[in-house]
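In: Kindly generate the corresponding structure for this input.
(3 chains)
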Amino acid sequence: MQEREILNNRSSGERPIILTTDFGLTDSYVGVMKGVILGINPRAAIVDLTHQIQPQNILQASFTLATSYRFFPNESIHAVVVDPGVGTTRQAILLITPHGRFLAPDNGVLSGVLGDYVDVAPSKPGSVSVPDGLTAISLTNPTYWLEPVSQTFHGRDVFAPVAAHLSTGVSDTDLGDPIGDIVWLPAPQPVREGNTISGEIIVVDHFGNLVSNIPASMISGDKTSGKIAMVEIGGQNILGLSRTFHDAAQPEAPSGSNKLVALMGSNGYLEVAYPDGSAAALLDAGVGEPVRVRIDS
Amino acid sequence: MQEREILNNRSSGERPIILTTDFGLTDSYVGVMKGVILGINPRAAIVDLTHQIQPQNILQASFTLATSYRFFPNESIHAVVVDPGVGTTRQAILLITPHGRFLAPDNGVLSGVLGDYVDVAPSKPGSVSVPDGLTAISLTNPTYWLEPVSQTFHGRDVFAPVAAHLSTGVSDTDLGDPIGDIVWLPAPQPVREGNTISGEIIVVDHFGNLVSNIPASMISGDKTSGKIAMVEIGGQNILGLSRTFHDAAQPEAPSGSNKLVALMGSNGYLEVAYPDGSAAALLDAGVGEPVRVRIDS
Amino acid sequence: MQEREILNNRSSGERPIILTTDFGLTDSYVGVMKGVILGINPRAAIVDLTHQIQPQNILQASFTLATSYRFFPNESIHAVVVDPGVGTTRQAILLITPHGRFLAPDNGVLSGVLGDYVDVAPSKPGSVSVPDGLTAISLTNPTYWLEPVSQTFHGRDVFAPVAAHLSTGVSDTDLGDPIGDIVWLPAPQPVREGNTISGEIIVVDHFGNLVSNIPASMISGDKTSGKIAMVEIGGQNILGLSRTFHDAAQPEAPSGSNKLVALMGSNGYLEVAYPDGSAAALLDAGVGEPVRVRIDS
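Out: I've put the predicted structure just below:
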């Protein structure tokens, strides 16, 4: 997916802790997690990826993480707490990859990351074998938890303290036992039929840009021409692919096209933007909105 | 209240600075406080507890702090800036406890913390003597302020620089003179009559969970059975106490109960949640909503 | 503008990185910038000034930065990413001042900072010569960028990695070539005619305080009396200037004045506040609202 590596990424021995949650920023939940971390590793470098995942939206968290993690140092410890099943029998796991460690409930939230490593991604929810080169561990060793563990806030009582201990150099294998399977939750996949790719919007960003699930690879891999003829969304047709948000309107743009632009977004997926405002507002479109790409033959 | 201690909390000599304000995240107020801190202690570890306290809601800040501070290292320096009286004659104080230092306007915002140490909490607003084992100091030494001190932003001009100097090891007693009394602002207290505990909702969290002022101790201390028979809120009756947000609906749940659950929340207080969404929205309930617990006799 | 210096601002060799963007806090954009920074400088101190600049509002970012930067250490590296022209021909620049380094698109967003150094500020958009004592550099050396550079997210691909490299001590002149002019975008300026100063509201803060573009210098410099007789806004007249948000209502306050207060705000500009709530809501006023000050003669 993201092929690039961080420029001059030095292996420093530092292990920053990256937090991704649906806790929001109004309550003290995130602050308290950081308090627990500092109690264990007072010099931990803690970064927020986002705390504004929609409540319990596992798929959104999975996509956000998948499009972001390669921009963090490989030594990073991600704590991903979108956890509707907290306190139930769902496992808490550590997934070790060449590009970071991931602590999370085993509910599918790591599917986006896993998708970069599995050979064949199942199209239905279930589980997948841990891919070659990765290791998964079930967090079963209470030595590294905050006691007593509540039934409703494992972000504070399990994930934060385990992340902090990992950041001080505690060994992965001290945290619990290796497991062979991880829960898999597939994201909606785009489909190609003939010259048409059918996908959908999966994120509406802060600017109102509509981010689809159609990856650059699906379009640049087109053997016939590599040229997008038309992006269709919300009853609008957008001619051609722009390079920047402010490319001049294409001469061929039909009147009434409202200067919508389609472009390959910074996270590697096709997106639709309205440079003078919000494409989401202009089209009254949100997550799930169908988008179609017709490729010139 | 919170009896637990932080696992492996090492005394490292590090003194993180924890910020709690009603400044929000849109303006530059919080960023500027951090700038002032870094100008004095470039390596300060700064953590946000929250900046989304409702404007000038001293009681909400007091409760948020009280349910959070024990999860931070004991060396923490809390700067609590909810300060409607900024620039008036209200004092600025430092409260020293075994579980952290607290810088704040002397307007009652530390009452929740103080409540963990006072023997008898007054039921009316006023003042309390500084409890045994704690020390309070009036911040009167301008050496540690940012000059000239504005009349409207002591977060920047007093609390941030004093916190930063404390984090570098400046002595508490250099900051001003000890005082004997602190302003006290009581939170609404639950009342028990017979088998009924009457309380109210004091926080609605990001998930729409309704957090009450009824502490676990008030229910677990019940000598007769320890069993909650019924939680009443917004015209709904919730049978029994759940362990997690997703406990199966109790077989005895009356139809129309909407799968609301009552449980002991992670901060030690009874809360009401709607696992499939927001209890606040479902019940159209907010802060101040009465909640009653009837205990089986 | 801000004349004060940071108390005990020690030159430590530390170069904190300060982020100001319009990216919001919902998406992962800000987190990803921090990931890139940590990949280059794992011990970087990163502070958010704000990420809630209105989308593409260059003037708001310019004002926010101008009223904040002097509270940060002089060694600070500001990355200011409000960048509607990302991917177009606009330059990316580094501006070096005695009070901090500023990385930004060359679109006028540094005009507020520049305004502290230019002798005569142009009243029309265009460009200004780099003032004496400052240096500007065009960021043209791709060695310090994240490759491949996207066309839509230079925050991640240019500004974050350049800031990180600067924080590790990379030389300014390695980043590109000096330039002689910077884009200038003037903010609306207040006008004095006789005893009347006419300005406008340029920021509505989190509390609903209405911050104007009338600086303290324009009023304190008044040779006749230094006394404000009347502030007019939204059809209301406010008698006299208060010292704090909670000054007692002036005895002369006309009935119906709603206890609005006018005062010199903490950032050095005249503001209008409603101590019991939001002045913006009370007056139904926002950015652009005219405000007039009549000075006693």
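In: Contact residues of the stretch 101-250 of chain A facing chain C?
Out: Contacts of the stretch 101-250 of chain A with chain C, taken as Cβ under 8 Å from any Cβ of the partner chain, map to A:Val203, A:Asp205, A:His206, A:Phe207, A:Arg243, A:Thr244, A:Phe245, A:His246. Heads up, the C-betas are built off the backbone N, CA and C, glycines and all.
In: Can you list phi and psi of the closest residue to the fifth one other than its chain neighbours for me?
Out: Nearest residue to A:Arg243, sequence neighbours excluded (Cβ to Cβ, 6 or more residues apart in numbering or on different chains): C:Gln151, at 5.1 Å. The phi and psi torsions at C:Gln151 (degrees, to the nearest 10) take the values phi -90, psi 0.
In: Which elements pack onto the biggest helix by length in chain A?
Out: Taking DSSP state H as the criterion, chain A has its longest helix at helix A:29-40. Under the contact definition 3 or more Cβ pairs under 8 Å, 6 or more residues apart in numbering or on different chains; DSSP states H and E, helix A:29-40 sits against strand A:17-21, strand A:46-50, helix A:160-167, strand B:17-21, strand B:46-50.
In: list the contacts for A:Tyr144?
Out: A:Tyr144 makes contacts with A:Pro161, A:Val162, A:His165, A:Val170, A:Asp174, A:Leu175, B:Leu7, as judged by Cβ atoms under 8 Å, 6 or more residues apart in numbering or on different chains.
In: The first one and chain C, how far apart?
Out: The reference is to A:Pro161. Taking Cβ to the nearest Cβ, to the nearest Å as the measure, A:Pro161 falls 21 Å from chain C.
In: The nearest residue to that residue once chain neighbours are set aside: how many residues sit nearby?
Out: Closest residue to A:Pro161 apart from its sequence neighbours, by Cβ to Cβ, 6+ apart: A:Leu146 at 5.0 Å. Neighbour count of A:Leu146, defined by other Cβ atoms under 10 Å in any protein chain shown: 25.
In: What of A:Met230?
Out: Applying other Cβ under 10 Å, we find 15 residues neighbouring A:Met230.
In: Report the beta-bridge partners for it.
Out: A:Leu239, A:Arg294 (DSSP bridges).
In: related to what we said a few turns ago, so what's the residue nearest to A:Arg243 up against?
Out: A:Arg243, A:Thr244, A:Leu263, C:Val86, C:Gly87.
In: tell me which residues in the helix or strand bottoming out on mean pLDDT in chain A are buried?
Out: Lowest by mean pLDDT, DSSP states H and E among the helices and strands of chain A is helix A:216-220, with a mean of 83. Residues A:Met218, A:Ile219 are the ones in helix A:216-220 that count as buried (16 or more other Cβ atoms under 10 Å in any protein chain shown).
In: Then stretch A:36-56?
Out: A:36-42, A:44-53, A:56.
In: what's the helix or strand for A:Val203?
Out: Assigned by DSSP states H and E, A:Val203 falls within strand A:196-204.
In: domains for chain A, by residue range?
Out: As given by automatic domain parsing, the domain ranges for chain A are A:2-184, A:191-296.
In: Quick one, which of the contacts of C:Gln151 are buried?
Out: Looking at these with 16+ other Cβ under 10 Å, the buried ones turn out to be A:Thr244, A:Leu263, C:Val86, C:Gly87.
In: Return the member of those nearest to C:Val118.
Out: C:Val86 (26.3 Å; Cβ to Cβ).
In: got a list of what the residue nearest to A:Thr97 when sequence neighbours are not counted touches?
Out: Counting by Cβ to Cβ, 6+ apart, A:Thr97 lies nearest to A:Leu134, which is 5.3 Å off, once chain neighbours are set aside. By Cβ under 8 Å, 6+ apart, the contact set of A:Leu134 is A:Leu95, A:Ile96, A:Thr97, A:Leu114, A:Tyr117.
In: In space, what's closest to the last one - neighbours in sequence excluded?
Out: When you say that, I think you mean A:Tyr117. A:Pro131 (4.1 Å).
In: burial count for that neighbour?
Out: 17.
In: Can you tell me the SS state at it?
Out: coil (DSSP: H, G, I helix; E, B strand; the rest coil).
In: Let me see the contact set for it.
Out: Contacts of A:Pro131 (Cβ under 8 Å, 6+ apart): A:Leu114, A:Tyr117, A:Val118, A:Asp119.
In: Helices of the stretch 151-297 of chain A, residue ranges please.
Out: With DSSP state H, counting those that start in this stretch applied, the stretch 151-297 of chain A shows helices at A:154, A:160-167, A:216-220, A:279-283, listed in chain order.
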